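> structure, please.
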Amino acid sequence: MNYLKCYKLFTKQTSTSTSGPAINYNAYIEELPISADNKSALLLELPVFRRWIDNMKVTSLQDVMMEVITGISEIFPAFSTLAVKLLVAPVGTASVERSFSNLNRILTDNRSRLTPCHQDCLLRISSEGQDFPDDNFWATVYKKWCKQPRRFLD
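Predicted coordinates:
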């Protein structure tokens, strides 16, 4: 999962103004599950690489990654190997596959017209299970029950 955060290393910075928080690229590199030598190589290449990314005419992430791998792999060898690792990372995991299976069980012919909100709620309940109510919940239920007038049969 730490590799997925590194896609921000290969994206252009949209604005240089101080209105938004600055992206800490060093933190992304430090979280990578790679050796200390590779981290230090990435940190050394980072300032020049960021300048190259921001001055590049290509805007899509795919074009940037392909340029890093094929065109300038000699200039930025550490970023080139990182791009290769990112591009061969598996797209699906067991949890994603489980979620799709749960969704197929939820959306049947009878329930094909559920709103996206209802689909999301049912999928969360199916995947994560129902929340267990805490003591405050039961106290609130009891107070509401006591407030309601009851009809007793004689």
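
> and the helix or strand harbouring residue 146, what's its mean pLDDT?
Element membership of residue 146, judged by DSSP states H and E, is helix 135-147. Averaging pLDDT along helix 135-147 yields 83.

> what of stretch 50-70?
Per-residue pLDDT values over stretch 50-70 give a mean of 79.

> in it, which residues are buried?
52-53, 64-65, 67-69 (16 or more other CB atoms under 10 Å). For the C-beta atoms, the positions are set from N, CA and C on the backbone; glycine is no exception.

> just name the closest of these to residue 121, please.
Using CB to CB, residue 65 is the member of those that lies nearest residue 121, at 36.6 Å.

> what's the neighbour count on the closest residue to the closest one other than its chain neighbours?
Ranked by CB to CB, 6 or more residues apart in numbering and with sequence neighbours excluded, the top spatial neighbour of residue 65 is residue 83, at 5.0 Å. Residues within reach of residue 83, counting by other CB atoms under 10 Å, total 23.

> ok, residue 106 next?
When neighbours are defined as other CB under 10 Å, residue 106 has 16 of them.

> does it touch residue 123 like I think?
Yes: proximity of residue 106 to residue 123 meets the contact threshold set by CB atoms under 8 Å, at 6.2 Å.

> mind showing which ranges of the chain have poor pLDDT?
When the per-residue scores of the chain are filtered using pLDDT under 70, the ranges that remain are 1-7, 12-23, 90-93, 130-133, 152, 154.

> and it, what are its domains?
For the chain, the domain assignment from automatic domain parsing gives the residue ranges 2-87, 94-147.

> what's the most buried one of those domains?
Among the domains of the chain, judged by mean count of other CB atoms under 10 Å, the one packed with the most neighbours on average is domain 2-87 (a mean of 14).
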